[in-house]
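> when you get a sec, could you give me coordinates for this:
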Amino acid sequence: MVFYFTTNVVSPPLTLFMGADKYENEDLIKWGWPEDVWFHVDKLSSAHVYLRLKKGQTIDDIPAAVIDDAAQLVKANSITGNKMNNIDVVYTMWENLKKTAGMEVGQVSFHRDKDVRKVRVEKRINEIVNRLNKTKVEDHPDFRAAREKRDAEEREDKKKLLREQKEREKEEEKRRQEEAELRSYSSLMKADKMTTNYDDGNDSDDFM
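Numbers count the residues shown, from 1 in each chain. As a prediction, this is how the structure comes out:
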């Protein structure tokens, strides 16, 4: 089961989501999308909260208000972190999450520590947490099917772009050939390269 929350601090609103328990978190880790940003309380147990970006967006495109919402959500869903002030929340792109065979269920590390961001949360802000909880809905998505559908659509998009590129290249080659033929024809039509059956300077009217 996955919980979905709507953050309406931006327009259009964005969706935050998290697994109901560590086993759901494990599936989210396994079948996450390259567009997903992962949030977690630093060095403490907490929910794994995700924000799904649009294709082409980066972690730098996330508005500060959305980061604050995600940070408050993971803090509120951390048994220890919810009781503490001045905690840190870390976030990074899903592709930076590292899972090895020896790790416990729901546990992750990072491929590149330098790609992990951190935001300080001084205290719980009930106004934010309550606003997000009012939008909470539950669902039972098929993580694998959703990821495979996403990948299939991406492959089709790449094929379409490749076909369009080949068409453009074909049209460009046709245009170059037509221009080359036109230049060649224009060169042949220049006056100094043309011949005539005029009398070559002979003023006589005789044909012999």
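
> going forward, measure contacts and count neighbours with C-alpha atoms only.
OK.

> for Ser46, what are its contacts?
By Cα atoms under 8 Å, 6 or more residues apart in numbering, the residues touching Ser46 are 40, 74-75, 77-79, 81.

> just flag the most distant two among those.
His40 and Ile79 (12.6 Å; Cα to Cα).

> among these two, which residue is more densely surrounded?
Applying other Cα atoms under 10 Å to His40 and Ile79 shows that His40 carries more neighbours, namely 25 against 14.

> and the strand or helix carrying that one, what does it pack against?
Element membership for His40, per DSSP states H and E: strand 36-41. Under the contact criterion of 3 or more Cα pairs under 8 Å, 6 or more residues apart in numbering; DSSP states H and E, strand 36-41 touches strand 49-52, helix 64-76, strand 87-93.

> what are the bridge partners for the residue lying closest to Asp115 once chain neighbours are set aside, then?
The spatial neighbour of Asp115 that comes closest, neighbours along the chain excluded (Cα to Cα, 6 or more residues apart in numbering), is Thr92 at 6.5 Å. Under DSSP bridges, the beta-bridge partners of Thr92 are Trp38.

> identify the residue nearest the residue most central in space within the chain in space, chain neighbours excluded?
When Cα atoms, centre = their mean is applied to the chain, the residue found nearest the centroid is Lys55 (2.7 Å). Spatial nearest neighbour of Lys55, chain neighbours left out: Glu35 (6.4 Å); criterion: Cα to Cα, 6+ apart.

> gap between the one you found and Leu28?
Distance, Glu35 to Leu28, using Cα to Cα, to the nearest Å: 13 Å.

> same deal with Met84?
27 Å.

> more neighbours, the two?
Taking other Cα under 10 Å, Met84 and Leu28 do not tie; Leu28 has more neighbours (24 against 14).

> now find how far off-centre the helix or strand harbouring Glu173 is within its chain.
In this assignment (DSSP H and E), Glu173 forms part of helix 143-188. Relative to the chain's own centre, helix 143-188 is displaced by 23 Å; criterion: Cα atoms, centre = their mean, to the nearest Å.

> with stretch 2-19 instead?
Averaging C-alpha positions (Cα atoms, centre = their mean) puts stretch 2-19 17 Å from its chain's average.

> residues contacting it, please?
Residues from elsewhere that reach stretch 2-19, judged by Cα under 8 Å, 6+ apart: 1, 20, 24-25, 28, 47-52, 63, 65-66, 69-70, 132-133, 135-141.

> pull out the buried members of these.
Among the contacts of stretch 2-19, those classed as buried by 16 or more other Cα atoms under 10 Å are 24-25, 28, 47-52, 66, 69-70, 132.

> wait, Val129 touches Ala76, no?
Yes - Val129 is within contact range of Ala76, at 7.1 Å (criterion: Cα atoms under 8 Å).

> related to what we said a few turns ago, now the strand holding His40, how far from the chain's geometric center?
How far strand 36-41 lies from its chain's middle: 16 Å, per Cα atoms, centre = their mean.

> now the angle between helix 64-76 and that strand, please.
Relative orientation of strand 36-41 versus helix 64-76 (axes from the mean of the first three to the mean of the last three Cα atoms, to 10 degrees): 50 degrees.
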